[in-house]
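>>> Here is a sequence with its predicted model. Questions after.
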Protein chains: 2
Amino acid sequence: MSDPQFKSWQAIQAEVLRRIHARDWPPGHTIPNEVDLAREFGCARATVNRALQSLADSGLLERRRKAGTRVALHPVGKATLDIPVLRQEIETRSMTYGYRLVERALACAPAALGTDKTALHLIALHYADDVPYVVEDRWINLTSVPAAAEQPFDRISANEWLVITAPYTNGDISFTAEVAGAEQARLLNTDTGAAVFVIDRTTWDHDQTITTVRLTYAPGYRIHTAIGTGMTAK
Amino acid sequence: MSDPQFKSWQAIQAEVLRRIHARDWPPGHTIPNEVDLAREFGCARATVNRALQSLADSGLLERRRKAGTRVALHPVGKATLDIPVLRQEIETRSMTYGYRLVERALACAPAALGTDKTALHLIALHYADDVPYVVEDRWINLTSVPAAAEQPFDRISANEWLVITAPYTNGDISFTAEVAGAEQARLLNTDTGAAVFVIDRTTWDHDQTITTVRLTYAPGYRIHTAIGTGMTAK
DNA sequence: CAGATTATTATGTCTATACATAATATCAAG
DNA sequence: CTTGATATTATGTATAGACATAATAATCTG
C-alpha cells in the first residue's frame, strides 16, 4: 500500500487536502495517525508532521496529543492582512505618494496611550496621485521614544519613521466604519457624512506603549485579501 | 561560545527576537548563517531553521538561498483575522443568537458569481440579543451546490449550512465602509446615512464559484485583533 | 464505586546526516 | 568586455531514531 510518489511535504499536504474535499475524511473525522500515514505515503513521520502541522495552523485540522488529528468541524477561515507602510501601500498600487504634515504639538496624552505624561500629537495627510488618501492621527509616547521629540516629521511621516526606529513586540488593531466628521471631511476633501474606513492601531514594546494611531481612509477605500486553505497557487 | 541553555526552537526564536529589538541586529543586517548559529546555540541546524523559518513567515526576517538571512527593513505587520461563523461570533461575545430569513428567490446571478445560470438569492438577518447584528445578502451557485435548492434556510442560515456542506479551496474577502441604503437601514433598524461596515466574500471550489456574500454590519461594529511578531505571551 | 496511580498512545520536538535547490561568485573562452 | 560554464554557499527539505509531553485508558486502592 506504500505509495512512493508522495515525497515532499507539500505533496502530502495536497493529498490530505484532496481527501478532505473529496469527503474521504469528512468534517469531524479522525484521520490516521502520523506513523500510519508515513507508512502509506512511504516517507518519514517528520514529513507527515510538517504537512499536517501546517494544515493545523491554517485551521483545517485540529490536533491533540494522544487524541489524534481530526478534520475541523467549522473550518475557521483565516485571512492574513498585510499592514504595509502607507507609502508602500500606495506605491504598490502604482500611484505616486505624497505627504503633508498638518499639525504637530505636545499635548496631554489620551487614555489609549497609557501614559499621563505629555505626548507628541501628529496629524498628517497621505496622498495618492495628489488626492487625499488617508488622514493619520497619531500620538507618540515620548517616554518610550524620546528621539521623536527631535523629529520634525515634515518630510518623512511618523508612519515610516517609527517602523525603522521603534520596533514593537506586539500590538492591537481594529477596523470600523464611521461617518466622517467635519475636520476629517475637510482634510480628505470629501463631504461630511461620508462613510469612511477607520483603522485604530496601538503598539507596545513589551509593556511600554509606543504609539497609537487612527487612520481615516478616504471614501471608497477597500481592504482586500485572499483566503485559502494553506494551499498557494501552483 | 557554545551556549547550552537554548534548547528549544522557541527559545532560539526568542533570543533572535531579543537581538533584533536590542539592535544587535538592526534592520537590513545579515545575520549569521544557520550552521554558525547552531554552533553558537549548541543545537542542531534543523532547530535553528525552525526558529528562523517561523520568524520569516511572520515577516520579520527575509531569507534567500545563498544570500542568507536578513532582518527585514520594513517589517510588514501581519494581522490574522479569524472569520468565524456568525453564530459563533455572536455567541463568543456571550450574546444570544437569533436568525430570520428575509427573502429567498431564484434569480439571474450577478457577475461576481461567475455564472450566467439562475442562482439562489438569500437575504437574511442575524440578531445578537434580539438586536439586528448583520444583514447577509448571499448568492449561491446551484451548479456547484445543487443541494442548496432543496434547503429552505428558514431555520439554519446559509452561512452555517455552507461551511458544513460545501467546503472551499480558496476565496477572496474585502472590507469597506459604506453608507447604509434605505433597505439596509430598515433591516438593521438604523438611520439611512449611517456608516456601516461591509464584508464582501466570494469562495471557490477549485475553479467553480460556490457563493458570494455581502455582510452589512450594524453601525458600531468593530473587527479587532492582535498583531505580534510571532511571539505569543509569556 | 470514587479517586488516585500507572500504562499507553499520538503528537511535539531534537539530533545528525544527507542531498536538493537557488542564487551568487569565479573564471575561462570568444 | 561580455558570455557562458562551473564552483561555492546558504537555505530547503528528507530521513531515521530518540526522547518529551499531554491526554486518555486501564488499573489499583480505600
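All right, it came through fine. Numbers count the residues shown, from 1 in each chain, chains lettered A, B, ... in the order given.

>>> roughly how far out does the helix or strand where A:Ser54 lies sit from the chain middle?
Here A:Ser54, judged by DSSP states H and E, is contained in helix A:45-57. The gap between where helix A:45-57 is centred and where its chain is centred comes out at 24 Å by Cα atoms, centre = their mean, to the nearest Å.

>>> List the buried residues in it.
Within helix A:45-57, the residues scored as buried using 16 or more other Cβ atoms under 10 Å in any protein chain shown are A:47-52, A:54-55. The C-beta positions use only the backbone N, C-alpha and C, and glycine is treated the same way.

>>> go on, stretch A:72-85?
By neighbour count on 16+ other Cβ under 10 Å, the buried set for stretch A:72-85 is A:72, A:75, A:77-81, A:83-85.

>>> now stretch A:206-225
Neighbour count says stretch A:206-225 has A:209-219, A:221, A:223 buried, by 16+ other Cβ under 10 Å.

>>> Next, format the residues you listed as CSV and append secondary structure, distance to DNA strand D and pLDDT.
Formatted as CSV, the buried residues of stretch A:206-225 follow (DSSP: H, G, I helix; E, B strand; the rest coil; distance: Cβ to the nearest atom of the strand, whole Å; pLDDT from 0 to 100):
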residue, secondary structure, distance to DNA strand D, pLDDT
A:Thr209, strand, 32, 94
A:Ile210, strand, 29, 94
A:Thr211, strand, 32, 96
A:Thr212, strand, 35, 96
A:Val213, strand, 32, 96
A:Arg214, strand, 36, 97
A:Leu215, strand, 32, 97
A:Thr216, strand, 38, 97
A:Tyr217, strand, 34, 98
A:Ala218, coil, 38, 97
A:Pro219, coil, 41, 97
A:Tyr221, coil, 34, 97
A:Ile223, strand, 28, 95
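
>>> hmm, back to that, report the angle between the helix holding A:Ser54 and helix B:45-57.
Counting by axes from the mean of the first three to the mean of the last three Cα atoms, to 10 degrees, helix A:45-57 lies at 20 degrees to helix B:45-57.

>>> so, in contact with chain B or not, helix A:45-57?
No. Under the criterion of Cβ under 8 Å from any Cβ of the partner chain, chain B is not reached by helix A:45-57; the shortest gap measures 9.2 Å.

>>> Check the offset of the following helix or strand past that helix from the chain's centre.
For helix A:45-57, the following helix or strand on the C-terminal side (DSSP H and E) is strand A:61-64. For strand A:61-64, the separation from the chain centroid amounts to 24 Å (computed by Cα atoms, centre = their mean).

>>> rewinding a little: what residues does the helix holding A:Ser54 touch?
A:8-10, A:12-13, A:16-17, A:34-35, A:37-38, A:41, A:61-63, A:69, A:229-230 (Cβ atoms under 8 Å, 6 or more residues apart in numbering or on different chains).

>>> Please, where are all the strands along chain A?
Here chain A has its strands, by DSSP state E, at A:30-31, A:61-64, A:68-71, A:77-83, A:97-108, A:118-128, A:131-140, A:170-179, A:195-205, A:208-217, A:222-228.

>>> So chain A: which segments form each domain?
A:9-71, A:86-217 (automatic domain parsing).

>>> Straight-line length of the longest one, end to end?
Yep, that's domain A:86-217 we're talking about. Start to finish, the residues bounding domain A:86-217 are 11 Å apart (Cα to Cα, to the nearest Å).

>>> quick one: that domain to chain centroid distance?
17 Å.

>>> close to chain B, is it?
Yes. Residues of domain A:86-217 contacting chain B under Cβ under 8 Å from any Cβ: A:88, A:163-164, A:167-179, A:193-198, A:201, A:203, A:205, A:217.

>>> ok, which residues in chain A are in contact with DNA strand C?
Within chain A, the positions near DNA strand C by Cβ under 7 Å from any atom of the strand are A:33-35, A:45-46, A:49, A:52-53, A:56, A:63-69.

>>> could you redo the last one with a cut-off of 10 Å?
Taking Cβ under 10 Å from any atom of the strand as the measure of proximity, chain A contacts DNA strand C at A:7-8, A:30-38, A:44-46, A:48-50, A:52-53, A:56-57, A:61-70.
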